[in-house]
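Novice: Predicted model, plus sequence, below.
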Amino acid sequence: MNKNIAGDLFADRIIWSPNADDRPCETEINMLVIHSISLPPNDFEKNYVDDFFTNRLDVSAHPYFLTIAHLRVSAHLYIDRCGVLTQYVPLRKRAWHAGKSNFKGEHDCNNFSIGIELQGSDHIPYTNEQYVRLCGVSRQIMKLYPNITIDRIVGHCDIAPDRKTDPGRLFDWSRFRSSLFE
């Protein structure tokens, strides 16, 4: 495992994304947002997430890529189906994962949140390896940022309900939340 430059987290892989910037001055990190992604959609064999988060997506590789090629997005972390953890953005920086978002009257959740992408889709169950890794890394993040409490761990669907459905109805929130305290 590698330690990132910020010294805040261990990851199996580190691939820095240019799609990040500084958080607003004096911003408190106090939210964790769980997402899902698969590129192409619902395909876990070909993984183009690294390319997407680093603006190197080959639009000729799949027709869907033409619809997202203009986007500049990132997440702090990504957990694949085997539980491998990749870090794209240092936790202290703002990743571009939430888009237009709102949580209890707080707008632009990217400013104060950490985003974790799970390789998956709304209608396919996540793997045991993903839950184990997600719980472990979430506990580590909660120790680093104690203002991230259980009620401030949300899905993308919770902060952008008109646009997003991830991590989807098959994400086991009960299992995840109870595992945080084991």
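Specialist: Looks like it came in fine. Numbering: from 1, shown residues only.

Novice: burial count for residue 41?
Specialist: 11 (other C-beta atoms under 10 Å). From N, CA and C alone the C-beta is placed, and that goes for glycine too.

Novice: Confirm that residue 174 sits in a strand.
Specialist: No: counting by DSSP: H, G, I helix; E, B strand; the rest coil, residue 174 is not part of a strand but helix.

Novice: Tell me how many other residues surround it.
Specialist: 8.

Novice: So for it, what's the pLDDT?
Specialist: On pLDDT, residue 174 comes in at 97.

Novice: roughly how far apart are it and residue 180?
Specialist: 11 Å (C-beta to C-beta, to the nearest Å).

Novice: got the contact list for the residue nearest in space to the middle of the chain?
Specialist: With distances taken as C-alpha atoms, centre = their mean, residue 116 lies nearest the centre of the chain, 2.0 Å away. With contacts defined as C-beta atoms under 8 Å, 6 or more residues apart in numbering, residue 116 is in contact with 32, 33, 34, 35, 75, 76, 77, 78, 79, 134, 137, 138.

Novice: Narrow the residues you listed to those that are buried.
Specialist: 32, 33, 34, 35, 75, 76, 77, 78, 79, 134, 137, 138 (16 or more other C-beta atoms under 10 Å).

Novice: Can you show me the helices along this protein?
Specialist: Secondary structure of the chain (DSSP state H): helices located at 49-53, 65-68, 128-144, 156-159, 173-179.

Novice: Could you list every helix and strand in contact with the last one?
Specialist: In other words, helix 173-179. helix 128-144 (3 or more C-beta pairs under 8 Å, 6 or more residues apart in numbering; DSSP states H and E).

Novice: Report the buried residues of the helix it packs on.
Specialist: 130, 131, 133, 134, 135, 137, 138, 141, 142.

Novice: ok, now how distant is the fifth one from residue 15?
Specialist: So that's residue 135. 23 Å.

Novice: quick one, what contacts the residue lying closest to residue 145 once chain neighbours are set aside?
Specialist: Spatial nearest neighbour of residue 145, chain neighbours left out: residue 29 (4.6 Å); criterion: C-beta to C-beta, 6 or more residues apart in numbering. If you count contacts by C-beta under 8 Å, 6+ apart, residue 29 has them with 23, 91, 92, 112, 113, 114, 145, 147, 148.
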